[in-house]
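**Student:** Quick one, what's the 3D model for this:
(one chain, ligands or ions: 1)
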Amino acid sequence: MSDPKSTELMEKIVSLSKRRGFIYPSSEVYGGINGFWDYGPLGAELKRNVKDLWWRSMVHYRDDVVGLEATIIMHPLIWKASGHLDTFSDPMSTCRQCKKLVRSDQAREMVEDADWFQELQRFYQQATQSSPVAVSAESLEKLAQATRKHAPSLALVRAREAVTARLLASAANNGPDWADENQFIRSVSTENAAAGLTHFPCPHCGGELTEPRPFNLMFKTHYGPVESDDNVCYLRPETAQAIFVQFKNVFETSRQKLPFGIAQVGKAFRNEVTPRNFTFRSREFEQMELEFFIKPDEAVAALAGGVASASDGAWQGTPQPDWGWEVWHKYWVEQRVRFYESIGLAREDFVEYWQKPDELAHYARATVDILFRFPFGVQELEGIAARGDFDLTQHQKFSGKSTEVFDEELRSAWAILDEPTRTALRARHESSLKESLLKKGIAGDEATAQAAAASQAYFEKLAKGHYVPHVIEPSAGVDRLILALLCKAYREVVSTDEKGKTETRVVLQFHPRIAPIKVGVFPLLKNKPELVAKALAVRDLLRPHMTVFYDESGAIGRRYARQDEAGTPFGVTIDFDTLGEKPELADTVTLRHRDDGRQERLPIAELLPRLLPLIR
Ligand code: ATP
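**Tutor:** Sure thing, here's the model as predicted:
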């Protein structure tokens, strides 16, 4: 349950975002559209900075990653091959009373903050302190009164007599309605509480939710003028698939050799059942994804004489030829955390969640979720998955076009590999294939036979230097990152003036690299043409290199405060000393630092060399 302080903090962030032009509700003048958000002037700069920095660190600063910009609408078969058409769904329930749709697995989380829910919890705890459960018709009536206003469809309210009779009968022998708190909540939210009832009440009215049914999250549309089943297509729910289907083109045209990656930043669309937590779960959002293609471990073993162990910390260093998927996976987790550190988040802000074997998709070898401590809970910011060769193999199967690469060095290395090593590699490969077939639900003998045949075919190709690359996928959401950065940067500073009046100001402590405006330029007075002319000259000096906000209106303190609230890390003030009132200070300015209010005097000529390293 999120505490009231966190809820209050989120409300302040949402309101500041609107007031200062970071994020507005989409289509607001028409009443808004749930799950869609627009970025205002400051938000657009912030987002652009974050995407540029990601691109720089992923593509420009590396020799082994190249970029791609693909279309949003692609051939519909792509989504069949990727599994999205069949399995990209969330469990959805409808409220029998208010008819609203609710993501079934989020019902509990959604009602937890409601007062009426807490009322139910308190009641349950008191009633079950003694055995048998201490409850009366009067106390249940009181509970119904207390929850009536915000949960009018709760069965206890709607059908009080029937539900009360059942609860009283069940209380006498500590029956199923009182088995535990969850069961009690379910019992008061339905008229027919069977012991096995699994769903929570509707978060909107306390009503009864229908059984969950899968709801596909892809937005469907049609290409061409005729709307028929033949020209159905989808807005992409992730940017990754375009990378897989263009893998061969990029490989053949970019002169890259494995291991290498393809990066893409772009829009993705998911028709989320219940968009919530501001931009955290939106229906239109942006992703920054990398598919890093690696050689399968068997090829690494043959080429490098072995596969490095993931337990010796090698992944903290520079990539080596003997890295297999485990070391590469850990390496990318570390790289991603380092990126976040470079833009102002701290390692302590994250929780690295390694999915347990039974949570992994059948093709995934390991998945790490990087969770951020948002005010509303610790939630996913990025997922980093080791996906084996699943994606490229699927597209090979569905398109009929090869996604294999040929490696001459591998062919030569395999030819001289000793037999015991070959046998060991074969055995390990076959057993891991079998494991994943079993996980898919294929029966024991069948799995053994399929694994043996597939493994044999795989090694025949490998011996000739052919294989389908494996992939490590770091996949981050831009909007979630922007939200994390806003939450991290938000500070309230309380100050008291000489008259004892206190004032609370908001300061956004963005890292200078991501700050939407890097520097504010202020002439001390706006009615002194010499000051204004000098300030404009400073603005023009800085502008080609960074975002500058020129502001001449109001008291200088107010101008600083406005920039603090926008997250601008530096302020430059041009005063009479700049003009030479004290000759030794001619052509110097005051540089103010946002986070500690420190001011220093320095020559105009030193401004650029001083600021540039801090913002790049
Ligand atoms: P969740 O479990 O939170 O729905 P996911 O595991 O489905 O997320 P992925 O498919 O791994 O997410 O997508 C990669 C990243 O894209 C996520 O880590 C997140 O940052 C971002 N993302 C996914 N869905 C949304 C959304 N509805 N709104 C905003 N960002 C999203």
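
**Student:** only C-alpha atoms for contact and neighbour calcs from this point on.
**Tutor:** Will do.

**Student:** and the closest residue to Ala415 other than its chain neighbours, how many neighbours does it have?
**Tutor:** Setting aside the residues directly before and after it, Ala415 is nearest to Ala463 in space (CA to CA, 6 or more residues apart in numbering), at 7.0 Å. By other CA atoms under 10 Å, 18 other residues sit near Ala463.

**Student:** Which positions in the stretch 201-350 of the chain make contact with the ligand?
**Tutor:** Arg270, Phe280, Arg281, Ser282, Arg283, Phe285, Gln287 (CA under 6 Å from any ligand atom).

**Student:** Do me a favour and average the pLDDT over stretch 319-328.
**Tutor:** What stretch 319-328 shows for mean pLDDT is 96.

**Student:** Which residue, neighbours along the chain excluded, lies closest to Lys534?
**Tutor:** Leaving out its chain neighbours, the residue that sits closest to Lys534 by CA to CA, 6+ apart is Ile574, at 7.2 Å.

**Student:** quick one: contacts for the one you found?
**Tutor:** Residues in contact with Ile574 (CA atoms under 8 Å, 6 or more residues apart in numbering) are Val521, Phe522, Pro523, Leu524, Leu531, Lys534, Ala535, Thr588, Val589, Thr590.

**Student:** was I right about the second one contacting Gly554?
**Tutor:** No - using CA atoms under 8 Å, Phe522 is not in contact with Gly554, being 10.2 Å away.

**Student:** Kindly reformat the contacts of Ile574 as TSV containing pLDDT and neighbour count.
**Tutor:** Formatted as TSV, the contacts of Ile574 follow (pLDDT from 0 to 100; neighbours: other CA atoms under 10 Å):
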residue	pLDDT	neighbour count
Val521	98	23
Phe522	98	28
Pro523	98	26
Leu524	96	21
Leu531	96	21
Lys534	97	18
Ala535	97	26
Thr588	97	23
Val589	98	27
Thr590	97	20
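
**Student:** got CSV for those residues, with distance to Ile73 and secondary structure too?
**Tutor:** What follows is these, written out as CSV (distance: CA to CA, whole Å; DSSP: H, G, I helix; E, B strand; the rest coil):
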residue, distance to Ile73, secondary structure
Val521, 44, strand
Phe522, 47, strand
Pro523, 50, strand
Leu524, 53, coil
Leu531, 54, helix
Lys534, 51, helix
Ala535, 48, helix
Thr588, 55, strand
Val589, 52, strand
Thr590, 52, strand
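
**Student:** Confirm that Gln97 lies within a strand, as I assumed.
**Tutor:** No - counting by DSSP: H, G, I helix; E, B strand; the rest coil, Gln97 falls outside a strand, being coil.

**Student:** Show the contacting residues for it.
**Tutor:** By CA under 8 Å, 6+ apart, the neighbours of Gln97 are Ser153, Cys205, Gly207, Glu208.

**Student:** And the last one, how far from Pro201?
**Tutor:** Read it as Glu208. Glu208 sits at a distance of 6 Å from Pro201 (criterion: CA to CA, to the nearest Å).

**Student:** Those two: which has the busier surroundings?
**Tutor:** Neighbours per residue (other CA under 10 Å) separate Glu208 from Pro201, with Pro201 holding more: 29 against 26.

**Student:** pretty sure that one is touching Ser187, no?
**Tutor:** No - taking contacts as CA under 8 Å, Pro201 lies outside contact range of Ser187: 9.5 Å.

**Student:** which bits of this protein sit near the ligand?
**Tutor:** Those residues of the chain that sit near the ligand, judged by CA under 6 Å from any ligand atom, are 270, 280-283, 285, 287, 380-383, 475-477, 479-480.

**Student:** So which of those are in strands?
**Tutor:** Using DSSP state E, the subset of the residues of the chain next to the ligand located in strands is Phe285, Gln287, Glu380, Leu381, Glu382, Gly383, Ser475, Ala476, Gly477.

**Student:** Can I get those residues in CSV including neighbour count?
**Tutor:** Converted to CSV, these look like this (neighbours: other CA atoms under 10 Å):
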residue, neighbour count
Phe285, 22
Gln287, 24
Glu380, 22
Leu381, 22
Glu382, 24
Gly383, 20
Ser475, 24
Ala476, 22
Gly477, 21
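
**Student:** can those go into TSV with extra columns for distance to Gly31?
**Tutor:** Shown next, in TSV, are these (distance: CA to CA, whole Å):
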residue	distance to Gly31
Phe285	20
Gln287	27
Glu380	29
Leu381	29
Glu382	31
Gly383	34
Ser475	33
Ala476	30
Gly477	26
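
**Student:** Determine which two of these are furthest apart.
**Tutor:** Greatest spacing in these, by CA to CA: Phe285 and Gly383 (15.6 Å).

**Student:** check contacts around the most centrally placed residue in the chain.
**Tutor:** Centroid-nearest residue in the chain, with CA atoms, centre = their mean: Leu381, separated by 3.0 Å. Going by CA under 8 Å, 6+ apart, Leu381 touches Asp369, Ile370, Leu371, Phe372, Ala476, Gly477, Arg480, Leu481.

**Student:** Am I right that the second one falls within a helix?
**Tutor:** Just to be clear, that refers to Ile370. No - if the criterion is three-state DSSP, then Ile370 is strand and not within a helix.

**Student:** sorry, back to before: overlap in contacts of Glu208 and Pro201?
**Tutor:** Taking CA under 8 Å, 6+ apart as the criterion, Glu208 and Pro201 both touch Leu154, Ser189.

**Student:** By proximity to the ligand, which residue of the stretch 401-550 of the chain wins?
**Tutor:** Nearest residue of the stretch 401-550 of the chain to the ligand (CA to the nearest ligand atom) works out as Gly477 at 3.2 Å.

**Student:** Who are the contact partners of that residue?
**Tutor:** Counting by CA under 8 Å, 6+ apart, Gly477 touches Phe285, Glu286, Gln287, Met288, Leu381, Glu382.

**Student:** Good, we can wrap up now.
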